[in-house]
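>>> heads up, no residue letters with this:
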């Protein structure tokens, strides 16, 4: 996926699914008993505790976006958030090289975090 494609994505399920898969490392699973899909964390001992697809919205919910930030931090990618007059700037830096990998500016912070994270990972 190209940077331009990510930048043109609207916040919502498609962007959230990419974040879950590419950034968080979760796998989509189907739970027949409930007829729902959920995200399975291969590193978790309790996969059913993972959020349902319609309940985890990091591109619009700041609490979920902070989970994305924590995941990046565990991958040695650090986020700096700068507040400007009418937008947020998100900078991602690699810990090992101290080089900035991505900068995104958006009016909504969750969307800026998610797009910067996805571009940095891909």
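Now that the structure is in, tell me what you want to look at. Because the structure is a prediction, the values reported are computed rather than measured. Numbering: from 1, shown residues only.
>>> sec struct for residue 115, please.
For residue 115, the assignment made with DSSP: H, G, I helix; E, B strand; the rest coil gives helix.
>>> From residue 78, how far out is residue 9?
23 Å (Cβ to Cβ, to the nearest Å). (C-beta placed from N, C-alpha, C; glycine too.)
>>> do residue 22 as well
According to Cβ to Cβ, residue 22 stands 18 Å off from residue 78.
>>> Which strands and helices lie in contact with the worst-scoring helix or strand of the chain on mean pLDDT?
Ranking every helix and strand in the chain by mean pLDDT, DSSP states H and E puts strand 36-40 at the bottom, with a mean of 75. If you count contacts as 3 or more Cβ pairs under 8 Å, 6 or more residues apart in numbering; DSSP states H and E, strand 36-40 packs onto strand 27-31.
>>> All the strands of the chain, residue numbers only.
Assigned by DSSP state E, the chain shows strands spanning 27-31, 36-40, 77-83, 88-94, 100-106.
>>> Mean pLDDT lowest where, among those?
If you rank the strands of the chain by mean pLDDT, strand 36-40 sits at the bottom with a mean of 75.
>>> Could you check it and say which residues are buried?
Neighbour counts over strand 36-40 (16 or more other Cβ atoms under 10 Å) mark 38, 39, 40 as buried.
>>> can you check stretch 97-112 too?
Residues 102, 103, 104, 106, 109, 110, 111, 112 are the ones in stretch 97-112 that count as buried (16+ other Cβ under 10 Å).
>>> can I get these in TSV with distance to residue 89?
Listed next are the buried residues of stretch 97-112 as TSV, based on distance: Cβ to Cβ, whole Å:
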residue	distance to residue 89
102	11
103	7
104	7
106	9
109	10
110	14
111	13
112	7
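>>> and which of those residues is nearest residue 66?
Checking the buried residues of stretch 97-112 against residue 66 by Cβ to Cβ gives residue 110 as the nearest, at 8.9 Å.
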